[in-house]
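Undergrad: Pasting the sequence and the predicted coordinates here, then a few questions.
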Amino acid sequence: MSIHFNRESQTFHLYNDEISYIMKVTRSGHLGQLYYGKRVRDRDNYDYLLETEPRSMSVCCFEEDLSYSLEHIKQEYPVWGTGDMHLPALDVRLPDGSRLLDLTYRSHEILAGKPGLKGLPAVYVEDASEAETLVVELGDAKAELTVRLFYTIYEAFPVIARHTEIRYDGKQEAYLEQAMSLSLDLPDMDYEMVELTGAWARERHVAVRKLQYGVQGVYSLRGCSSHHFNPFLALKRPNCDERNGEVYAFSLVYSGNFAAQADADPYHMTRVTMGIHPQGFSWRLTEGETFTTPEAVMVYTDQGLNAMSQVFHRLYQSRLARGRYRDQVRPVLVNNWEATYFQFDENRLLPIAQEAKDLGIELFVLDDGWFTNRNDEHCGLGDWEIDRTKLPEGLAGLAEKIKRMGLRFGLWIEPEMVNAGTKLFHEHPEWVLHQPGRRMSQGRYQYVLDYSNPEVVEHIYGKLCGVLEGTGISYIKWDMNRSISEAYSCTAGSEDQGKVLHRYILGVYRLYEKLTEHFPEILFESCASGGARFDPGMLYYAPQCWTSDNTDAVERLKIQYGTSFVYPLSSMGAHVAAVPNHQVQRKTSLRMRANVACFGDFGYELDLTALTEEGKEKTREQIRFVKKYREILQFGTFYRLLSPFEGNEAAWMVVSENRRTALVGYYRILQEINAGYRRVRLAGLDPEQKYRVSILDKECYGDELMHIGLITTDTSSGDNREGAGDFVSRIYVLEGVE
Ligand code: DGJ
């Protein structure tokens, strides 16, 4: 890995074994983008890449050179008003009313390692030798702005992490109207855009579309990253599939409003931008102030989508997630939500816990409803006083009994919300996001606390410490159950209302930071009505996230498949729930439910006391299986094999680090009749290794399984009707022999 600056040609080359990223200070002083992609040799000069064909109607920087137009020069951090005609990366409203900007090169420095981002989540290094960071300083003297572009290249990953700092030195205030984390100009538009889209209970479905002229992208204006679009997009070549081909991927380490888009111009240049969404954002800058954007992570590979995902998985698992649990297998848990909803008391919970213990479960999680006035969704959030009618000996009493059974105890909280009718709402109406004189929209009958106000964050921190201290809690599920609508802070001045949503997220991050520091032994799982905040920002604080409120195994195939595009299996909370399923009413076997859920952070979300004896035996067996293989199921190398978005079958697999063990999850959704013979080509195995394949009860070499395939023919679709039915699943265990 190296960052090389050639003084004569003013060229930067960032490279490691896999990628090259090349930029140049151009004749006009702008920072031009020359190349990003597969590693090329390091040279002194790549000036031939700066294509400047003269084109009619272009505005040009110099009178004597009609070819030199910023409209056609690919740039690193473009602005508007001085020749570039595309959507810019930066937009500032200056005191004189102007929004013209012109950023030119001033200096640069190369740092060992990677600096952190104050108050923001980011990927990190553990040792300075793991990465190098280039900081390029650009400036606009007239606007009194200094822009510092950060580029970190890792030794071990085909990754560049980028963010931007904007410093203002004017005496009169200016307003930052837009500040993207990254902007990247690519020289053609022959791409398909991959995005993760959905809604509540069908999060992160994979959608692919051919890039068209103009702007296309994904975004959130909900105050959270959202169920609807994930802060991710990838541009892949049309021939790129899971196993081969070029892909450029972009992932924003942020949990609030975002924009991620590709803008293809009529000259076939594609500009990718990613960062905080400019809608509603307007950051007042005072003299000497610096604004730091969130970080965007770029991954490049020519080895297909599986390779892209594996890079994200390894990076996010090892250099984004933090804390004691980062590298540890996760406890098998039972959560009482779908078992009891709000209707529980200690007498109802303890038998579930006892059963959990008998079955081999390790952690009992008490979900929503443990605090006063919380018997349904209408009230209770905000006061965080324990409901003594449900839990006469308090949380500590319940926790103690559960721990005595030999289980760990975990708890649900939703600290960003408040219901009307609570003490908090009554005493501090000004702590609720709303604009006086305007209707306050409710979502799930609740309102949003103003986390842009540090006082509110401190208050909730104090309350939570009161609940958690001395209770011996070892797990927290942090929920967030509504989008933010009236983003107006009663305690901020008119000039700072454009800061509210970003400050809100900074407040959430601050509370997470304080709690994780104060309670390092607690495993945090983030959640937002299922997966509305399944994003890299959250993973920095909570190494796992509740993937979706949809616990149906068939629906989960798509949700977990899509989620795996960016997020590792160790980050996906996945539970076995009751049938008929509570979201879609579907009935699937206990085996199918477990065979899907075990590719993640495994648990149960049903009334264990209602299981039949046979069900209990099967559950015991499932838990034994997960415990035996969870290191691989959560931290192995994951490959998607057959997409549930494309047919009646789905398959994926994980491979251990030494490639001696692999598990293949195969799912056939609907029963077929007289179906064809089938094979699934596996991936990631050692070609020379002989494996014993369970179910088939055969021994096959890695090369055979990868090139010929694993035979998955469904014998129940022919004359042999044994095992016929919908929603069939198998986990093939491959163990190296000899
Ligand atoms: C939404 C979460 O996604 C569920 O798992 C559950 O915790 C409920 N909230 C509780 O209100």
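TA: Happy to help now that I have it.
Undergrad: just the strands in the stretch 201-350 of the chain please.
TA: 205-210, 214-220, 232-236, 247-253, 258-264, 270-276, 283-285, 289-292, 295-301, 333-335 (DSSP state E, counting those that start in this stretch).
Undergrad: Output these as CSV; include the columns mean neighbour count.
TA: Any C-beta I mention is one placed from the backbone N, CA and C, and that applies to glycine too. CSV is the format used below for the strands of the stretch 201-350 of the chain (neighbours: other C-beta atoms under 10 Å):
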stretch, mean neighbour count
strand 205-210, 14
strand 214-220, 17
strand 232-236, 24
strand 247-253, 25
strand 258-264, 23
strand 270-276, 25
strand 283-285, 20
strand 289-292, 16
strand 295-301, 25
strand 333-335, 25
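Undergrad: now the ones you listed in CSV, with mean pLDDT and distance to the ligand?
TA: Converted to CSV, the strands of the stretch 201-350 of the chain look like this (pLDDT from 0 to 100; distance: least, C-beta to the nearest ligand atom, whole Å):
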stretch, mean pLDDT, distance to the ligand
strand 205-210, 98, 18
strand 214-220, 98, 18
strand 232-236, 98, 21
strand 247-253, 98, 22
strand 258-264, 98, 21
strand 270-276, 98, 25
strand 283-285, 98, 32
strand 289-292, 98, 31
strand 295-301, 98, 26
strand 333-335, 98, 7
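Undergrad: Just the CA coordinates for stretch 20-40, please, in PDB.
TA: Extracted in PDB, the C-alpha atoms of stretch 20-40 (Å, rounded to 0.1, in the frame of the first residue of the first chain):
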ATOM      1  CA  SER A  20      -5.500   2.300  -7.800                       C
ATOM      2  CA  TYR A  21      -6.900   5.700  -7.300                       C
ATOM      3  CA  ILE A  22      -5.300   8.500  -9.300                       C
ATOM      4  CA  MET A  23      -5.800  12.200  -9.100                       C
ATOM      5  CA  LYS A  24      -4.000  15.300 -10.300                       C
ATOM      6  CA  VAL A  25      -3.800  19.000  -9.700                       C
ATOM      7  CA  THR A  26      -4.700  20.400 -13.000                       C
ATOM      8  CA  ARG A  27      -3.400  23.400 -14.800                       C
ATOM      9  CA  SER A  28      -6.300  25.500 -13.400                       C
ATOM     10  CA  GLY A  29      -5.400  24.300  -9.900                       C
ATOM     11  CA  HIS A  30      -8.500  22.000  -9.600                       C
ATOM     12  CA  LEU A  31      -8.200  18.500  -8.300                       C
ATOM     13  CA  GLY A  32      -9.000  16.200 -11.200                       C
ATOM     14  CA  GLN A  33      -9.900  12.500 -11.000                       C
ATOM     15  CA  LEU A  34      -7.900  10.400 -13.500                       C
ATOM     16  CA  TYR A  35      -8.600   6.800 -12.600                       C
ATOM     17  CA  TYR A  36     -10.200   4.600 -10.000                       C
ATOM     18  CA  GLY A  37     -10.300   0.800 -10.400                       C
ATOM     19  CA  LYS A  38      -8.100  -2.300 -10.600                       C
ATOM     20  CA  ARG A  39      -4.400  -1.700  -9.700                       C
ATOM     21  CA  VAL A  40      -2.200  -0.300 -12.400                       C
END
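Undergrad: Is it correct that residue 167 is in contact with residue 286?
TA: No. Residue 167 is not in contact with residue 286 according to C-beta atoms under 8 Å; the separation is 11.2 Å.
Undergrad: Comparing the two, which residue is more hemmed in?
TA: Legend: neighbour count by other C-beta atoms under 10 Å for residue 167 and residue 286, higher for residue 167 (17 against 12).
Undergrad: Could you check the pLDDT of that one?
TA: pLDDT, residue 167: 98.
Undergrad: Start at 807, not 1
TA: New numbering, starting at 807: the last item is residue 973.
Undergrad: In contact with it, which residues are there?
TA: For residue 973, the contacting residues are 951, 952, 953, 954, 1094, 1095, 1096, 1097, by C-beta atoms under 8 Å, 6 or more residues apart in numbering.
Undergrad: Helices along this protein, start to end?
TA: In the chain, the helices defined using DSSP state H lie at 1111-1125, 1143-1146, 1152-1165, 1200-1210, 1229-1233, 1260-1274, 1306-1324, 1342-1347, 1359-1369, 1396-1403, 1419-1441, 1508-1509.
Undergrad: The stretch 1157-1306 of the chain against the ligand: which residues are in contact?
TA: 1173, 1174, 1218, 1285, 1287 (C-beta under 6 Å from any ligand atom).
Undergrad: list the helices and strands the lengthiest strand in the chain packs on?
TA: Among the segments of the chain that qualify as a strand by DSSP state E, the longest is strand 980-992. With contacts defined as 3 or more C-beta pairs under 8 Å, 6 or more residues apart in numbering; DSSP states H and E, strand 980-992 has these neighbours: strand 837-844, strand 896-899, strand 965-974, strand 1053-1059, strand 1076-1082, strand 1089-1091, strand 1101-1107.
Undergrad: out of the ones you listed, which comes closest to residue 1235?
TA: strand 1089-1091 (25.3 Å; C-beta to C-beta).
Undergrad: picking up where we left off before, to residue 903, which of the strands of the stretch 1007-1156 of the chain lies closest?
TA: strand 1089-1091 (15.2 Å).
Undergrad: How about the contacts made by the residue of the stretch 1357-1506 of the chain found nearest the ligand?
TA: With C-beta to the nearest ligand atom as the measure, residue 1411 is the residue of the stretch 1357-1506 of the chain nearest to the ligand, at 7.8 Å. By C-beta under 8 Å, 6+ apart, the contact set of residue 1411 is 1140, 1141, 1143, 1144, 1145, 1357, 1381, 1382, 1383, 1384.
Undergrad: Using CSV, write out every CA atom in the longest strand of the chain.
TA: Backbone C-alpha positions of strand 980-992 (Å, rounded to 0.1, in the frame of the first residue of the first chain) are rendered in CSV as follows:
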residue,chain,number,x,y,z
ALA,A,980,-22.3,31.7,6.0
TYR,A,981,-24.6,28.7,5.4
LEU,A,982,-23.5,25.3,4.4
GLU,A,983,-26.4,24.1,2.2
GLN,A,984,-24.8,20.8,1.0
ALA,A,985,-21.6,19.0,1.8
MET,A,986,-21.2,15.6,0.3
SER,A,987,-18.9,13.0,1.9
LEU,A,988,-17.7,11.9,-1.5
SER,A,989,-18.0,12.8,-5.2
LEU,A,990,-16.5,10.6,-7.8
ASP,A,991,-16.5,11.1,-11.6
LEU,A,992,-16.3,7.9,-13.7
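Undergrad: Residue 990 and residue 1357: what is the separation?
TA: 38 Å (C-beta to C-beta, to the nearest Å).
Undergrad: Same check on residue 1402?
TA: The gap separating residue 1402 from residue 1357 is 10 Å, by C-beta to C-beta.
Undergrad: anything in contact with each of those two?
TA: Common neighbours of residue 1402 and residue 1357 (C-beta under 8 Å, 6+ apart) do not exist.
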